[in-house]
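Chemist: Have a look at this fold, sequence not included:
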């Protein structure tokens, strides 16, 4: 999979950009705050419909558009994507509408081959793996960050999972609203049973798909970490922690690991997963009503790394955490390629500066065998002459991109 051409209008600091992209590695060189990361963000947004930096999508439009008085203005992102089987145009529009009374609204539109589609139907047309210096938060950060990574990864390759997740979240919102009513002496127990059944139906599918993902990817993560990143010095394990039981006094990660083992190693049938999930939800109803929220289910899931039998988040050094995430992302590349038949586009934002020589060399090996990779750097000197000769090197300055050889000194 590769991007042949990228077009940006009114996105971040790009007023207008028309950029042909070649196969193999492309290196974007420039000082900070010139637009290197913004370009990677645009590609990631086209692939996932999400930004990895902005908290609100309206922040992605250029300042001039955001401050404009025009009744209608928009940002536009378009990628010409080529696979072994087809070519397609993938497009996102960020539209600001201003009314005469001073109010405004913001909406997003997704298009494939110039035809409007639902946002979730854009997923899968462009697949990427993103490397960031802050990826260590997948080890040390909150569970919500790890769930977000998991959902974005699966949604890129599995549209059924994405639709199921969307339905689950809607039912969860309805069930939580009803639980709050019941906690105040209102609402219907019969409706609660209906919503609980729907939550079990959708949630059990999510649990099973997540378990299958970890079953597939964990051995490769362990191998890459052991053989390629630590010279056989450390044994890494990646474990899924499904929230299939109410957290009580005495409930710890060992209990969650038992549930994971039951789901993954014993290849539990969907009916068995649904049965256990339903039983736990029924048992937790009094607790859920008291707190006005659903306490168990995929929305409470987690996953963790262990190195040599110890929790990496609690006991690992910064270097160990970075190596674990690197092994995960490398395994993700192989997993996506095996599943889809297409190697995803690799996006690397200043990550090499954070790595030692061994890990930098191993990561660049993945970059060089990918059909397309786009990297950013402030200093090209960290790359070998061999890599620079093979790469397309571009200069980025104030939202303008040109060949590095033509950049002003």
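Modeler: Ah, there it is. These numbers come from a predicted model, not from an experiment.

Chemist: Could you list the low-pLDDT ranges of this structure?
Modeler: 248-251, 266-267, 407-409 (pLDDT under 70).

Chemist: tell me the domain boundaries of it?
Modeler: Domains of the chain are assigned by automatic domain parsing as 2-127+342-406, 142-318.

Chemist: Start and end of the first one, how far apart?
Modeler: Put plainly, it is domain 2-127+342-406. One end of domain 2-127+342-406 sits 25 Å from the other (C-alpha to C-alpha, to the nearest Å).

Chemist: Out of the domains of the chain, which is closest to residue 331?
Modeler: domain 142-318 (4.0 Å; C-beta to C-beta). From N, CA and C alone the C-beta is placed, and that goes for glycine too.

Chemist: Please list all residues in contact with residue 50.
Modeler: Contacts for residue 50 (C-beta atoms under 8 Å, 6 or more residues apart in numbering) come out as 44, 152.

Chemist: Report the secondary structure state of it.
Modeler: At residue 50 the chain is in coil, as set by DSSP: H, G, I helix; E, B strand; the rest coil.

Chemist: What's the separation between it and residue 348?
Modeler: Taking C-beta to C-beta, to the nearest Å as the measure, residue 50 falls 18 Å from residue 348.

Chemist: hmm, back to that, and the domains of the chain as CSV, adding distance to residue 333?
Modeler: Below are these laid out as CSV (distance: least, C-beta to C-beta, whole Å):
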stretch, distance to residue 333
domain 2-127+342-406, 6
domain 142-318, 10
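
Chemist: mind checking which of those domains is nearest residue 135?
Modeler: Among those, domain 2-127+342-406 sits nearest to residue 135 (C-beta to C-beta), with 7.7 Å.

Chemist: Now find how far off-centre the closest one is within its chain.
Modeler: 15 Å (C-alpha atoms, centre = their mean, to the nearest Å).

Chemist: Hmm, residue 91 and residue 45 touching each other?
Modeler: No - the pair residue 45 / residue 91 is not scored as a contact, 11.1 Å apart, by C-beta atoms under 8 Å.

Chemist: Need the residues touching each of these two.
Modeler: residue 77.

Chemist: Quick check: buried residues in the lengthiest helix in the chain?
Modeler: Using DSSP state H to define each element, the chain has its longest helix at helix 189-223. Going by neighbour count (16 or more other C-beta atoms under 10 Å), the buried part of helix 189-223 is 192, 195-196, 198-214, 217-218, 220-222.

Chemist: what packs against it?
Modeler: helix 143-157, helix 159-183, strand 236-241, helix 253-264, helix 270-291, helix 318-340 (3 or more C-beta pairs under 8 Å, 6 or more residues apart in numbering; DSSP states H and E).

Chemist: and stretch 182-189, how far apart are its ends?
Modeler: One end of stretch 182-189 to the other measures 8 Å (C-alpha to C-alpha).

Chemist: neighbouring contacts of that stretch?
Modeler: Residues from elsewhere that reach stretch 182-189, judged by C-beta under 8 Å, 6+ apart: 178-179, 181, 192, 289-292.

Chemist: What is the burial count for residue 117?
Modeler: By other C-beta atoms under 10 Å, 16 other residues sit near residue 117.

Chemist: which residues touch it?
Modeler: 110-111.

Chemist: tell me the strands in the stretch 1-150 of the chain, going along the chain?
Modeler: 2-11, 14-20, 24-29, 72-82, 87-98, 104-112, 115-117, 128-131 (DSSP state E, counting those that start in this stretch).

Chemist: who's in contact with the closest residue to residue 318 other than its chain neighbours?
Modeler: Using C-beta to C-beta, 6 or more residues apart in numbering and skipping the chain neighbours, the partner closest in space to residue 318 is residue 136 (6.7 Å). By C-beta under 8 Å, 6+ apart, residue 136 lies in contact with 318, 321-322, 325.

Chemist: one more time with 10 Å
Modeler: By C-beta atoms under 10 Å, 6 or more residues apart in numbering, the contact set of residue 136 is 312-313, 316, 318-326, 354.

Chemist: I'd like to know which of those are buried.
Modeler: Buried among the contacts of residue 136 by 16+ other C-beta under 10 Å: 312-313, 316, 320-326, 354.

Chemist: Among those, list the two that are farthest apart in space.
Modeler: Greatest spacing in those, by C-beta to C-beta: 313 and 354 (18.2 Å).

Chemist: Neighbours of residue 4, how many?
Modeler: By other C-beta under 10 Å, the residues close to residue 4 number 14.

Chemist: can you check residue 330 too?
Modeler: Applying other C-beta under 10 Å, we find 22 residues neighbouring residue 330.

Chemist: do the same with the one 3 residues further on
Modeler: Neighbouring residues of residue 333 were enumerated by other C-beta under 10 Å; the total is 19.

Chemist: how far away is the closest residue to it other than its chain neighbours from residue 316?
Modeler: Excluding its sequence neighbours, the residue lying closest to residue 333 (C-beta to C-beta, 6+ apart) is residue 129, at 5.3 Å. When distance is defined by C-beta to C-beta, residue 129 is 22 Å away from residue 316.

Chemist: Also residue 334?
Modeler: Distance, residue 334 to residue 316, by C-beta to C-beta: 23 Å.

Chemist: ok, now which ones touch residue 207?
Modeler: 240, 242-244, 259, 263, 268, 270, 273-274, 276-277, 297-298, 301.
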